[in-house]
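> Dropping a prediction and its sequence here:
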Amino acid sequence: MAERLLLDVDEDGRVSVSAWRAGETLPNRVGDPIPLVWPLDGPALEELRWYLEDYLRAPFGVYGERGPRVEAQFPKWGAQVFEAVFGSGPARDAYTRARARGGPVEIVVRSGTAQHLGLPWELMADPERPTPIALDDQVVVSRSLPTAALGNVFTVGGSRLRVLMVISRPSGTADVGYQMIARPLLRRLEAVRGQVDLVVLRPPTLEHLERTLEEAREAGEPFQIVHFDGHGVFGEAPASGGGWPSVMFQGPGPQGMLAFEKATGGSDLVPAGRVAQVLKKSQVPVVVLNACQSAVLGSQLEAAVATRLLQEGAGAVVAMAYSVYAVAAAEFMTAFYERLFAGDLLSAAVSAGRQRLDRHDLRPSPKGLMPLADWVVPVVYTRADVHFAGLRTGRDQQESLDELLDRMREQPADADTGDEASPESPLAAVGEFTGRDALLYTLDTAARLDRVVVLYGPGGTGKTELAKAFGRWWRDTGALDDERGVIWHSFEPGVASFGLDGVINSIGLGLFGAQFALLDQEKRQSLVETTLVTRRLLLIWDNFESVHTLPDPTHATQPLTEPEREELRGFLDRIAAKGKSAIIVTSRTPETWLGTARRRIKVGGLESDEANEYAEQLLSSYPDTKKRRESKAFGELMQWLDGHPLSMRLILPRLDSTAPRDLLAGLQGTTPLADADGGGRTTSLSASIAYSFTHLSAEDQHALTVVSLFHGVVDADVLGQFSTLPEVPEWYQGRTASEWAQVLERATEVGLLTSLGVGMYRIHPALPAYLTSSWQALAPGGHHELRTAAELALLDAYATFGGWLLQQVQGGDAQLAMVLIHLQRRTMGSLLGYALDHSLWDQAQGIAQPLDEYWDARGLVEEARAWVNRARVAMEDSDGNAPDLNSSAGALWLFLTGSQANRHVRAGQLDQAERTYRDILHALRLQPATSKQRSRLAVIYHQLGRVAQERGQLTEAEARCRQSLTIAEDLGDRPGMALSYHQLGVVAQDRGQLDEAETRYRQSLTIKEDLGDRPGMARSYHQLGIVAQDRGQLDEAETRYRQSLTIKEDLGDRPGMARSYHQLGIVAHERGQLTAAEDWYRQALTIAEDLGDRPGMASTYHQLGVVTHERGQLTAAEDWYRQSLTIKEDIGDRPGMALTYHQLGVIAQDRGQLDEAETRYRQALTIKEDIGNRPVMARTYGQLGLLAEKQQQPEKVLKWMVRCAALFEQFPHPLTGPAPAHLKRLTHCLGIRALEQTWQSVTGGPLPPPVRDFVLAEDPPATD
């Protein structure tokens, strides 16, 4: 028995330490309980979670620096946790003595609350030792309940380890980022020295779990481990029928629940207590949990579920405290199982798994394999230690587990290592099979429920390899009656007979051997169908398109006749109706002739994370490519390849000798790309494309060559516009959008394109290069001229299309426009670059304007900045002077630089904004004084006024607005006048002059009504609503907002509707109607999420945080604020960041964490002072004053209130809120001398007379 140190944390957060030496009956407490001052506050715990779960998803830019910085905190955090528990008294002495004896030590954290058990205790580090305690060979860290019988060892029988895995994903493919832990684990299990039976529960329902466990126990082959790979939540217990008490809280309240699936589909949330009863009934001793929920509640949830399972009798629970990479979980579990076979106790086996993660810490990322310190993720809860005494080892120890696993890491990820590794095995993987976990899960469910499934997609998307992997998956996880139950039949031309009789013979010979051939045809078919009905088998029919939809162009095998096809269709119908077996069909087409009842699953490219992992595997043997992979061009190449497995497999290895930009140019068809791969359609990109291309008519082949000009997605409507232009080559003239759609649809039918709806089609990544080659062959000697003419025509078409998109964004179907831009931005970006390079400024502006709207909506500030810089280089002279502003180049320069300055204003980068506006002002003043020049000057004065207003410099802001107004009035520019009146209203409103603000807004509204400017009217109604709201006239405010909303709804202005919903939410909020406010905010959020409007999402997340905060739900409110902050940090929204830092400070203050509150307020203040935004600075000064008062520091309170009051010349100023009243109160307490000295030290000047008079004046007597 190891020596134990027990750390007991009670409900009040007091920790006591007890020493329990080996051989002693009971532990002995050392010292008195002390308050547990946990050193990791909320932000630090969030940093830890971000590092473990999010860092490697996008380790670029500031996040690439942030990740290592967080990891570098581990030793400090670990030492602080150690000091918080052991300190320097008797507890520290007990720890020192235990370690000095040199034997094994177990540190057990015990508590009755999940809140304390869920803390990251594994970080603990003895500052005098080089290794964290959880990684020390001599120390085990575990968690337990105060009532657990820790002195006992629970012995588990059985010579082999039987594991039942519950993979529950009720949301199916909507479960973003799903990774299947069982797949990488299966491959590694052969390294374990004993036999591990891994069986997947199908279907993953609670009832089936109960039945499967009971049947296995009755058969004498019980499962010793149940592994739950799914989701967990906190939820309310059922009103009756269970009686399971809460673990997290004493008495009624939320409890940990696991998400099983219902038999009919959907989620079945089952309380942990009910799951525990099922496991107890079948005497399952060990549970493994990969159940995660939100960032805020994840570790507490894991603790709540784990402790409930222990209470009901589980010997131990091994859990992942954070989301973990599937490959890391598999490495951990393999080392864990290995040590169980070696005779280790379960807690020691967990330590071995944790050490494996530490020694091998490379995880997949977009930048390749990168280190991640995820050894802190696995945790173990024990009621009694568990020992698998009867496990039988199956191999000698000539090679260690680490050596075996390291060798496996160097092999292809899904390579077969048994007999089927030979080329003759139909299930052998070709190269590396990566990812596809979501598709495999979908296929698993579909094959179980629908029996016959068609996997379809363009050539090279990996349908065959997916089917093979699925065959291995079902074979190895208990889905079939025996391991030989996967039967492969290829319909590759020239390889096999296509008819039903050939299929029957293939199945029968595989199942029954040579004697099957002696039966007559009728008996053979009857025997096979009976077998498929009564037994669980899996048939895979590969390359099925050759049967009918895409027959072999060489006629090596003839396509089936209609009667022969009917035979095959009838066979599939019968198996689907009553069979236990499943049939997977792979094809380039949906095979609609098989009937509407067949389940069809589209196979596209790999997801981004999967593509990164696949690239890492493909390039692992090419170390010289590492530097090229760090270039921007490699990222563009990966974007073009679009996760297409065959293209990646054949193109990426060429990086060893070819630059990524050259490979990209070859794929785009702008330079030759040698088809060095050669071979047939499964090993050559050109052969793969050609097989489908030859099934098109010559006319379609000619027309399709234009697709080589598009990037990623082709649009039939754009091609319709393209064909109307006079400069378009003759091949493409005269086709309507509808006719182009028909051409593209026929290309889709043969697997060259994938329909995206609304006339758009995704392009096979190798198709443009093939089409360019075909174009060159069709027009020898004239291809270059034809391509140039086509590019110019396409540029004009997209400029026209851009004008339509801009109209939709500003007053039409903005959501549709944003989707179209998102899908076609690569083509639009390519054409914008072409226009800039060739000085085609009008076309460039036509494309740049909708892209600019997209950049702003998506918060793509860096992309926008890069384009503006590129355009300025193209348009400005060598001295940086702007082009003639009366030219097309000048108009584009004005638009782009002005838009960039507007982004600076929104980001709070007011100095940069002002510099840019002044650059524009300087350029305008150099132009002749014309009406256009003066109109543009008015716009710049207006924008400079906005900058001043944001800084709180309201006099300057008003002066600039009046300059703008004067010009507009001189020119009779009524829209310009309306704009200036509106902005003067904003300035007056900031001054608290609400009557003046209303007058200005009404002046603006009158002009807009006269002009019929309904969008402008909506904006004025909106501002009048804010004025009414500032007056406390909430009914009037609501009326104005609804007037604004009505217009926006009529216009289909969804961004504007979102703003109205947001303000209506604030009105409800101020009325105290929190549920109604939340409903309005969620309506706004729905639109923002639909549009991908990240700034809008951030704003609404913030407001939802405020609502939740007012309900007293501090943790949930903090979660909303952090979601808001994450977006604001990503898009550089510094004013928004300041606002959220402020609210996080209020959260900390409400929790009594005053130091943390001050830190957050100062973060907010740093930004506000940098921006110079006086109104919001005043708010934070006031809040820091109130905080200082809670800290009982009256002099500090006075200092902050002086800073607040001194921001404005006017005293008292309405924007300083209660600060003047606080000054008066503090002066009465501290004396006028204290105020004079503080004012002098803060401002550098004497106390102004108005302030002195105000604080010394007597308060008026109270009246009845």
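All right, it came through fine.
> Could you point out the longest strand of the chain?
The residue-count maximum for a strand in the chain (DSSP state E) belongs to strand 225-236.
> Only alpha carbons, please: show that one as PDB.
These are the backbone C-alpha positions of strand 225-236, laid out as PDB (Å, rounded to 0.1, in the frame of the first residue of the first chain):
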ATOM      1  CA  ILE A 225     -15.100  -1.000 -18.400                       C
ATOM      2  CA  VAL A 226     -17.800   1.200 -19.900                       C
ATOM      3  CA  HIS A 227     -16.400   4.100 -21.900                       C
ATOM      4  CA  PHE A 228     -18.800   7.000 -22.500                       C
ATOM      5  CA  ASP A 229     -17.800   9.200 -25.500                       C
ATOM      6  CA  GLY A 230     -20.400  11.900 -25.700                       C
ATOM      7  CA  HIS A 231     -21.800  15.000 -24.100                       C
ATOM      8  CA  GLY A 232     -22.900  16.000 -20.700                       C
ATOM      9  CA  VAL A 233     -25.000  18.800 -19.300                       C
ATOM     10  CA  PHE A 234     -26.300  20.200 -16.100                       C
ATOM     11  CA  GLY A 235     -30.000  19.700 -15.900                       C
ATOM     12  CA  GLU A 236     -33.000  19.500 -13.500                       C
END
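> now the closest residue in space to S282 that isn't next to it in sequence: how far from L509?
Using Cβ to Cβ, 6 or more residues apart in numbering and skipping the chain neighbours, the partner closest in space to S282 is L213 (3.7 Å). Bear in mind the C-beta positions are built from the backbone N, C-alpha and C, glycine included. Here L213 is placed at a distance of 38 Å from L509 (Cβ to Cβ, to the nearest Å).
> higher neighbour count, these two?
Set side by side, L213 and L509 show more neighbours around L213, with 21 against 15, by other Cβ atoms under 10 Å.
> With L885 as the reference, measure out to that one.
78 Å.
> can you check A633 too?
Taking Cβ to Cβ, one finds A633 at 35 Å from L885.
> next one: phi and psi at E1158?
Per-residue torsions, E1158: phi -60, psi -40 (degrees, to the nearest 10).
> my guess is it meets H1142, correct?
No - the pair E1158 / H1142 is not scored as a contact, 11.8 Å apart, by Cβ atoms under 8 Å.
> Could you check how many residues crowd around the nearest residue in space to G759 that is not next to it in sequence?
Excluding the flanking residues, the one nearest G759 by Cβ to Cβ, 6+ apart is A716, at 4.0 Å. Applying other Cβ under 10 Å, we find 21 residues neighbouring A716.
> quick one: pLDDT of A716?
Looking at A716, its pLDDT is 97.
> Likewise for A889?
The score at A889 is 95. That number is its pLDDT.
> So it is in contact with E876, correct?
No - look at A889 against E876 with Cβ under 8 Å: they stay out of range, at 9.3 Å.
> okay, E1158 and H1142: which has more neighbours?
Between E1158 and H1142, counting by other Cβ under 10 Å, H1142 is the more crowded of the two (21 against 18).
> Find the residue closest to the more buried one in space, skipping its chain neighbours.
Once flanking residues are discounted, H1142 sits nearest to A1164: 4.2 Å by Cβ to Cβ, 6+ apart.
> Which segments of the protein make up each domain?
3-37+73-144, 153-410, 427-602, 608-674 (automatic domain parsing).
> From Q807, how far out is the residue nearest to G759?
A716 sits 20 Å away from Q807, going by Cβ to Cβ.
> what are the ranges of the helices in the stretch 1101-1250 of the chain?
Ranges of helices within the stretch 1101-1250 of the chain are 1114-1131, 1134-1150, 1154-1171, 1174-1190, 1194-1205, 1219-1230, 1232-1243, 1249-1256, based on DSSP state H, counting those that start in this stretch.
> Can you give me the buried ones in the helix or strand harbouring A690?
Assigned by DSSP states H and E, A690 falls within helix 685-693. Of the residues in helix 685-693, those buried by neighbour count under the rule 16 or more other Cβ atoms under 10 Å are L685, S686, A687, S688, I689, A690, Y691, S692, F693.
> elements contacting that helix?
With contacts taken as 3 or more Cβ pairs under 8 Å, 6 or more residues apart in numbering; DSSP states H and E, helix 685-693 sits against helix 645-651, helix 767-778.
> Mind listing what's buried along the next helix or strand after that helix?
Next in sequence after helix 685-693, counting helices and strands by DSSP H and E, comes helix 698-704. Using 16+ other Cβ under 10 Å as the test for burial, helix 698-704 gives D700, Q701, H702, A703, L704.
> Need the residues you listed in JSON lines (columns: distance to V1197).
Below are the buried residues of helix 698-704 laid out as JSON lines (distance: Cβ to Cβ, whole Å):
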{"residue": "D700", "distance to V1197": "79"}
{"residue": "Q701", "distance to V1197": "81"}
{"residue": "H702", "distance to V1197": "81"}
{"residue": "A703", "distance to V1197": "77"}
{"residue": "L704", "distance to V1197": "75"}
